[in-house]
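A.B. asks: output the structure for:
(4 chains)
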2 protein chains.
Amino acid sequence: MASKPRRPIPDATVSRLPIYQRVLDELQNTGSTTVSSEDLAELAGVNAAKARKDLSFLGSYGIRGVGYEVDYLLFQIRHALGLTQQWPVLIVGVGNLGRALADYAGFTSRGFPVVALVDDDPAKIGTEHVGVEIRPLADLADLVRELDIAIGVIAIPSSGAQRVADLLVEAGVSSILNFAPAVLTVPDDVHLRQVDLAVELQILSFHRQRGRRDVEARDPGGRSG
Amino acid sequence: MASKPRRPIPDATVSRLPIYQRVLDELQNTGSTTVSSEDLAELAGVNAAKARKDLSFLGSYGIRGVGYEVDYLLFQIRHALGLTQQWPVLIVGVGNLGRALADYAGFTSRGFPVVALVDDDPAKIGTEHVGVEIRPLADLADLVRELDIAIGVIAIPSSGAQRVADLLVEAGVSSILNFAPAVLTVPDDVHLRQVDLAVELQILSFHRQRGRRDVEARDPGGRSG
DNA sequence: GGTGCCTTGTGAAACGCTGCACATGGTTGC
DNA sequence: GCAACCATGTGCAGCGTTTCACAAGGCACC
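C.D. replies: Numbers count the residues shown, from 1 in each chain, chains lettered A, B, ... in the order given. Reported below is the predicted structural model:
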């Protein structure tokens, strides 16, 4: 037994593995055969100790005194992330965002081919985008079954997002990526991730605001007891 | 006034404030005047105690025995997030994603008007999108100064992302939202947030993979050394 | 074959976040 | 004005993540 996960991989580590993967990909393209945790961490924008601990959750794939073999580490990360196979993606909503996502080459090249597009606008149904026919919302369940959809992407206004999420779940999709600015409710066994563009801007706004306040008056007082 | 930051607001709380804001916005539109932490938490998809603790960092704006006044709490959250004013946004890269972002009504309606578009494709320069003229990359610094740009959005392929980030920083932009799948380096006083679509998919892939492994119970084809 | 150098892998401390449980304090009804 | 009620605000314990510091282990050179 080799690649059995001795310890569960922490969420924080999982969210960084794709970054390491991309960095290693670039290193591979530049001809590097080995890399130290320090160099890898630098390229990934993290602490070297963190990088080592992250990688240690996959197993002991480093060579002390030398570093990590790029090819082998890359394989192990891909294996851990489940990127040794393709995961067909269905996008609901072929508006500006849906089109941008469908066109995004990074999806297909990283193993997430967009194989189905769904929309409820009669004018769009039947037309093609990037070689994929746009189908009506009613076909969703059929498409999921026929194309073995692994991940559903919600790229519609928030008003219909919960209904679409319900449809996806009902059709058997257990991984959903939601771009609608709404809080969705799904069963526990369905993995839902949220990308909220307005939230990101508001967080930036907060820090900018705070920075100004810091400059205005640094107040060490207060009634914290 | 006198709204001194008693305690620094934790990052985790900051990232949830925009959610509360959106929920309160909806409550306001439905005519609710007060809301309990339990109801608010339910709508925001979090624990009630967490919601109370989050809000307590802004100050004691609740009424014991009653709940929170929607209007007032909304004002306080907006104030904390710096949303009492508009933050002009510049988007670099008017490809599919850049257009989608420029068209996204959620930006302007939440106080982030897209006032400038920049691209390096000569065919696009001079044309308009959503009423904003597309200008060459060389005009970036001028636009930042003239329009008092608060936030720069990078929506170009990763190969040019660092260069554009450098240009933005040099022009005085201190808040950057990056959609390019690359690790960017900026000075400490610049706030950088990363939205990486492929990373999100890979995290979903990991969880799906893990679920399957649980089902398989044993992994065939493991490689030991 | 031995010595010294180099990098990994990890124990442990520090830090931040979460969630429970309850004291606090304001409101309502009489 | 008083008592019962109710939701907030928070002390505290538990948990996950980060970071340091160092022992363990492999390689290269002589």
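A.B. asks: give me the contact list for stretch A:111-118.
C.D. replies: Stretch A:111-118 has contacts (CB atoms under 8 Å, 6 or more residues apart in numbering or on different chains) with A:83, A:85-94, A:98, A:101-102, A:107-108, A:129-130, A:132-137, A:139-140, A:143, A:147, A:149, A:151, B:198, B:201, B:205. Every C-beta, even on glycine, is put in place using the N, C-alpha and C of the backbone.
A.B. asks: change it to 7 Å
C.D. replies: With CB atoms under 7 Å, 6 or more residues apart in numbering or on different chains as the test, stretch A:111-118 has contacts from A:83, A:86-92, A:94, A:102, A:107-108, A:129, A:132, A:134-135, A:137, A:139-140, A:143, A:147, A:149, A:151, B:201.
A.B. asks: quick one, phi psi at A:Asn178?
C.D. replies: In terms of degrees, to the nearest 10, the main-chain angles of A:Asn178 are phi -110, psi 120.
A.B. asks: I'd say it and A:Ile154 touch.
C.D. replies: Yes. Assessed by CB atoms under 7 Å, A:Asn178 is found in contact with A:Ile154 at 4.5 Å.
A.B. asks: which residues do the two both contact?
C.D. replies: What both A:Asn178 and A:Ile154 touch, as defined by CB under 7 Å, 6+ apart, is the set A:Ala161.
A.B. asks: returning to what we had before: so of the contacts of stretch A:111-118, which ones are in strands?
C.D. replies: Counting by DSSP state E, the contacts of stretch A:111-118 place A:89-92, A:129, A:132, A:134-135, A:151 in strands.
A.B. asks: now the buried members of these.
C.D. replies: Neighbour-count burial (16 or more other CB atoms under 10 Å in any protein chain shown) is assigned, among the ones in strands among the contacts of stretch A:111-118, to A:89-92, A:129, A:132, A:134-135, A:151.
A.B. asks: assign A:Ile9 to helix, strand or coil.
C.D. replies: coil (DSSP: H, G, I helix; E, B strand; the rest coil).
A.B. asks: give me the number of residues near it?
C.D. replies: Residues near A:Ile9, counting by other CB atoms under 10 Å in any protein chain shown, number 16.
A.B. asks: excluding its backbone neighbours, what's nearest it?
C.D. replies: A:Phe57 (4.7 Å; CB to CB, 6 or more residues apart in numbering or on different chains).
A.B. asks: would you agree that neighbour is in contact with A:Pro8?
C.D. replies: No. The pair A:Phe57 / A:Pro8 is not scored as a contact, 8.2 Å apart, by CB under 7 Å.
A.B. asks: which helix or which strand is home to A:Phe75?
C.D. replies: Per DSSP states H and E, A:Phe75 falls inside helix A:70-81.
A.B. asks: tell me where chain A is predicted with low confidence.
C.D. replies: The model of chain A has pLDDT under 70 over residues A:1-6, A:212-225.
A.B. asks: do that again at 80, thanks
C.D. replies: Residues of chain A meeting the criterion pLDDT under 80: A:1-6, A:105, A:211-225.
A.B. asks: which residues of it lie near DNA strand D?
C.D. replies: Within chain A, the positions near DNA strand D by CB under 7 Å from any atom of the strand are A:10-13, A:46-47, A:49-50, A:52-53, A:63-66, A:225.
A.B. asks: who does A:Val118 form a beta bridge with?
C.D. replies: A:Val92, A:Arg135 (DSSP bridges).
A.B. asks: measure it to A:Val92 for me?
C.D. replies: 5 Å (CB to CB, to the nearest Å).
A.B. asks: could I get the full set of helices for chain A?
C.D. replies: A:11-29, A:37-44, A:48-56, A:70-81, A:96-103, A:105-109, A:140-147, A:161-171, A:197-216 (DSSP state H).
A.B. asks: tell me if the shortest one is near chain B.
C.D. replies: Yes. Using CB under 7 Å from any CB of the partner chain, helix A:105-109 comes into contact with chain B via A:106-107.
A.B. asks: list the buried residues of that helix.
C.D. replies: A:106-108.
A.B. asks: repeat that for the first one.
C.D. replies: Of the residues in helix A:11-29, those buried under the neighbour-count criterion (16+ other CB under 10 Å) are A:13-24, A:27.
A.B. asks: who is the residue in chain A positioned nearest to DNA strand C paired with across the strands?
C.D. replies: Using CB to the nearest atom of the strand, the closest approach of chain A to DNA strand C is made by A:Gly62 at 2.7 Å. Beta-bridge partners recorded for A:Gly62 (DSSP bridges): A:Tyr68.
A.B. asks: give me the neighbour count for it.
C.D. replies: Neighbour tally, A:Gly62, other CB under 10 Å: 19.
A.B. asks: what's the neighbour count on A:Gln162?
C.D. replies: A:Gln162: 17 neighbours (other CB under 10 Å).
A.B. asks: next one: A:Ile149
C.D. replies: Residues lying near A:Ile149 (other CB under 10 Å) number 22.
A.B. asks: surely it meets A:Pro88?
C.D. replies: Yes. With contacts counted by CB under 7 Å, A:Ile149 reaches A:Pro88, the gap being 5.3 Å.
A.B. asks: one step back: so can I have a markdown table of the helices of chain A showing distance to B:Gly211?
C.D. replies: Output for the helices of chain A, formatted as a markdown table (distance: least, CB to CB, whole Å):
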| stretch | distance to B:Gly211 |
| --- | --- |
| helix A:11-29 | 13 |
| helix A:37-44 | 27 |
| helix A:48-56 | 21 |
| helix A:70-81 | 13 |
| helix A:96-103 | 24 |
| helix A:105-109 | 21 |
| helix A:140-147 | 17 |
| helix A:161-171 | 15 |
| helix A:197-216 | 27 |
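A.B. asks: please identify the most buried of those.
C.D. replies: The highest mean neighbour count among those, using mean count of other CB atoms under 10 Å in any protein chain shown, belongs to helix A:96-103: a mean of 22.
A.B. asks: which positions in chain A make contact with DNA strand C?
C.D. replies: A:36-38, A:48-49, A:52-53, A:55-56, A:60-68.
A.B. asks: again, only this time at 10 Å
C.D. replies: A:6-7, A:34-41, A:47-68, A:73 (CB under 10 Å from any atom of the strand).
A.B. asks: hang on, A:Ala48 packs against A:Leu40?
C.D. replies: No. With contact defined as CB under 7 Å, A:Ala48 does not reach A:Leu40; the gap is 8.1 Å.
A.B. asks: excluding its own residues, what touches stretch A:73-82? List them.
C.D. replies: Residues outside stretch A:73-82 that contact it (CB under 7 Å, 6+ apart) are A:3, A:9, A:17-18, A:20-21, A:24-25, A:28, A:58-59, A:61, A:84, B:202, B:205-206, B:208-209.
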